[in-house]
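Q: my questions concern the predicted model and sequence given below.
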Amino acid sequence: DQQVKQNSPSLSVQEGRISILNCDYTNSMFDYFLWYKKYPAEGPTFLISISSIKDKNEDGRFTVFLNKSAKHLSLHIVPSQPGDSAVYFCAASSNDYKLSFGAGTTVTVRA
Amino acid sequence: DVKVTQSSRYLVKRTGEKVFLECVQDMDHENMFWYRQDPGLGLRLIYFSYDVKMKEKGDIPEGYSVSREKKERFSLILESASTNQTSMYLCASSPGHTQETQYFGPGTRLLVL
């Protein structure tokens, strides 16, 4: 049973607009959350993370929001660029070495 | 920069063959991981290792084994390949503490005929 869920398999957005990716989790022991980006034929690369002691973390065009009570996090990309077209994975960890991943959301940025 | 390399980008094997996938990291990381990625299922953990000669089962270890004889190298073994093991296999490493980023290799796309 997947403990991390990305319910939108795909997202299409116009260049320059905001992309919002959503992620829900069921395990209340998760306390560290990450987003990875993956291009075809490459391994995932780390994008941004957030600890459960925070509700927002920002890095350039990327912002992650965490709502612990709703067990929900989101990734905002502003403004979206063509190079952002990729698969985005949400991942979560409790106090151990392992990560649990969602199924991924494919983002397509239209010119 | 952390570098994780995998021995093959593409592999084609026959049902019943023994398959070895090799992974090497150059950053002296303690932890290494093997995942498989399938459409609609994301990344699922097969095995991980937190020290040389130590291993722990992940979420889907059936049909797989691993070996970690040296700190930098982590091998995934398919004892008798089956068609349902056709997948993208991803290796990752992390320094050795909790709550930290894992760094991934480029992946091996395995096709079992």
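A: Looks like it arrived, so ask away. Numbering: from 1, shown residues only, chains lettered A, B, ... in the order given.
Q: residues from chain B in reach of chain A?
A: B:4, B:9, B:31, B:33, B:35, B:40-45, B:48, B:50, B:58, B:90, B:92, B:94, B:98-99, B:101-107 (Cβ under 8 Å from any Cβ of the partner chain). For the C-beta atoms, the positions are set from N, CA and C on the backbone; glycine is no exception.
Q: mind redoing it with 7 Å?
A: Contacts of chain B with chain A, taken as Cβ under 7 Å from any Cβ of the partner chain, map to B:31, B:40-43, B:45, B:48, B:50, B:90, B:94, B:98-99, B:101-102, B:104-107.
Q: any low-confidence regions in chain B?
A: Residues of chain B that meet the criterion pLDDT under 70 lie in B:1-2, B:98-99.
Q: quick one: distance of the longest strand along it to the chain centre.
A: With secondary structure taken from DSSP state E, chain B has its longest strand at strand B:42-51. In terms of Cα atoms, centre = their mean, to the nearest Å, the centre of strand B:42-51 is found 7 Å from the chain centre.
Q: elements contacting that strand?
A: Secondary-structure packing of strand B:42-51 (3 or more Cβ pairs under 7 Å, 6 or more residues apart in numbering or on different chains; DSSP states H and E): strand B:31-38, strand B:54-57, strand B:64-70.
Q: in its sheet, what does it sit against?
A: With DSSP bridges as the test, strand B:42-51 is paired with strand B:31-38 (antiparallel), strand B:54-57 (antiparallel).
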